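*Asks:* coords below, sequence missing:
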């Protein structure tokens, strides 16, 4: 696989706090972009990547959960059963239609916020509507780790990072690291 020409945008870059716009057409240009995003996601050892993370405020995400995730002991939700065997997947204009009231808290990290992990509370199941790069429109309930990844990536399209979802105590714990990271990156990236 050739190296991706895309660069990850990091914490502090204004593109990460903007709301993304809908994509109207699936064309060759979009398919090439999706392929590049998948390459970049693999290169940077990510399991998800949203277009704002590569500097484009478009509603486009890629997800690639590890194969061993499928061998989980818990029953799969319809979304997991449909999407896990198709990994990596590309979602166009994804949106969360509903979520359940049960939540779980797990450490999250992000390619755009390197080396920082903190506990984020999210619904354990979400119903997602999206169009796949194949043109297929799906409307499915996703649970487990897939639900968390989908929520994390859709947050990027809404101009949010996982650190924006931290409670005050956990935000305070990572604030010094975030300030150091922002300072370091602003020197190297010029923003």
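*Replies:* Thanks, I have the structure now. The structure presented is a predicted model; accordingly, all values stated were derived computationally and were not measured.
*Asks:* In the chain, spot the helix with the most residues.
*Replies:* helix 168-189 (DSSP state H).
*Asks:* List the contacts of that helix.
*Replies:* Contact partners of helix 168-189, identified using CB atoms under 8 Å, 6 or more residues apart in numbering, comprise 10-13, 113-116, 118-119, 163, 166, 191. Every residue, glycine included, has its C-beta placed from N, CA and C.
*Asks:* Look up how far residue 183 lies from residue 16.
*Replies:* 16 Å (CB to CB, to the nearest Å).
*Asks:* For the two, indicate the residue with more neighbours.
*Replies:* Remark: of residue 16 and residue 183, residue 16 carries more neighbours, 21 against 10, as counted by other CB atoms under 10 Å.
*Asks:* Please list all residues in contact with the more buried one.
*Replies:* 9, 52-53, 112, 156, 159, 161.
*Asks:* if we can go back for a sec, quick one: mean pLDDT for the longest helix of the chain?
*Replies:* Taken as a whole, helix 168-189 has a mean pLDDT of 86.
*Asks:* now stretch 17-31
*Replies:* 98.
*Asks:* residue nearest the centroid of this protein?
*Replies:* In the chain, the C-alpha nearest the mean C-alpha coordinate belongs to residue 153, at 2.3 Å (CA atoms, centre = their mean).
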